[in-house]
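Trainee: What follows is a protein structure lacking sequence information:
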């Protein structure tokens, strides 16, 4: 995907950044005001044109400052985005690190429940209790993370609390899911984590180098493909709940999984581009938490899809 900047509309991928005006503009300057003539005045031939009033620089009294004070002010470093309360790469990375740190820590604790329970209670019985507890926490995490995303969508201002709450519940969900897959397919979680880090890391590096950018045409294709994927997921979920069939198996499941990973990858590029726009526009630093939430949603989606693909490959 090559850069396409001319006429580039910023698309949104998951609603997290959709309602944030800080991520939707490519500039940050308002047009200069035009000078208007007095009401009823008309320009006559042979008369000089009316001139706009000239700006007069304020006059400072140098006597109020000593030579040392003037030199200190001159040598003072320029204000950074951190000093002015603006969104920067530094505070954005801090928010992203905190968000993913909570997700990983909580997921690790949930994944250790069967092992800890087996050591405390007994080998088989304790493992079953730990597995059941992790399944309950996964359901709680699914509900909680969904509520957190909805709350964030309706909030007018970004919230660190909402983002970290999402990270906590998402950690519960991922931990419960990972326990299930790890029980059925030993070693699969480590493979999925490495694959997710490899894909997301490569996208981040290429984006930073300017090699990956979105384009209007690819964005339209993305939304059409994502709509089809969403409908397929809902239909498959209904069929699974009714006990009819599961279409996310076999070769079709692998193809759908690869398409989903490709969609998540392009979604990650859109997220990074929106973060860059927010920083370039001088958005308030609180929007760093909105960016962290959007990136977390995309990366978690990518991880679960890679986990599905690996599980299908193990079955074949």
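Mentor: Yep, that arrived. Just so it is clear, the model here is predicted, and its values are computed rather than measured.
Trainee: how near is residue 227 to residue 220?
Mentor: Note on residue 227: its distance to residue 220, by CB to CB, to the nearest Å, is 11 Å. In short, each C-beta sits where N, CA and C put it, glycine included.
Trainee: any weak-confidence spans in the stretch 51-200 of the chain?
Mentor: By pLDDT under 70, the low-scoring segments of the stretch 51-200 of the chain are 51-84.
Trainee: Could you rerun that using 80?
Mentor: Filtered on pLDDT under 80, the stretch 51-200 of the chain yields the residue ranges 51-85, 122-124, 156, 158.
Trainee: For the helix or strand hosting residue 312, buried residues please.
Mentor: Residue 312 is located in helix 287-315, with elements delineated by DSSP states H and E. For helix 287-315, the neighbour count (16 or more other CB atoms under 10 Å) marks 287-312 as buried.
Trainee: now stretch 201-217
Mentor: Buried positions in stretch 201-217, judged by neighbour count with 16+ other CB under 10 Å: 203, 207, 212-215.
Trainee: what does stretch 99-110 give?
Mentor: 99-100, 102-103, 106-107, 110.
Trainee: tell me the phi and psi of residue 286?
Mentor: phi -60, psi -30 (degrees, to the nearest 10).
Trainee: again, but for residue 281
Mentor: For residue 281, the backbone dihedrals (degrees, to the nearest 10) come out as phi -80, psi -10.
Trainee: what's the distance between it and residue 141?
Mentor: With CB to CB as the criterion, residue 281 and residue 141 are 34 Å apart.
Trainee: More neighbours: those two, which one.
Mentor: residue 141 (25 against 18; other CB atoms under 10 Å).
Trainee: Verify the stated contact: that one with residue 167.
Mentor: No. With contact defined as CB atoms under 8 Å, residue 141 does not count as touching residue 167 (10.5 Å).
Trainee: circling back to that earlier point, which member of the buried residues of stretch 99-110 is positioned nearest residue 171?
Mentor: The nearest member of the buried residues of stretch 99-110 to residue 171, counting by CB to CB, is residue 106 at 2.6 Å.
Trainee: How about the contacts made by the spatially closest residue to that closest one that is not a sequence neighbour?
Mentor: Distances taken as CB to CB, 6 or more residues apart in numbering put residue 171 closest to residue 106, at 2.6 Å, once the chain neighbours are dropped. Residues near residue 171 by CB atoms under 8 Å, 6 or more residues apart in numbering: 102-107, 109-110, 141.
Trainee: got the buried residues for the helix or strand harbouring residue 171?
Mentor: Using DSSP H and E, residue 171 sits within helix 160-184. Buried residues in helix 160-184, counted by 16+ other CB under 10 Å: 160, 162-182.
Trainee: Could you tell me the angle between that helix and helix 287-315?
Mentor: Calculated by axes from the mean of the first three to the mean of the last three CA atoms, to 10 degrees, helix 160-184 forms an angle of 10 degrees with helix 287-315.
Trainee: just how off-centre is the helix or strand that helix 160-184 is followed by within its chain?
Mentor: As assigned by DSSP H and E, the chain's next helix or strand after helix 160-184 is helix 188-208. The chain centre lies 15 Å from the centre of helix 188-208; the measure is CA atoms, centre = their mean, to the nearest Å.
Trainee: tell me what the next helix or strand after helix 188-208 is packed against?
Mentor: Using DSSP H and E, the helix or strand that follows helix 188-208 in sequence is helix 216-241. Counting contacts by 3 or more CB pairs under 8 Å, 6 or more residues apart in numbering; DSSP states H and E, helix 216-241 is packed against helix 250-280.
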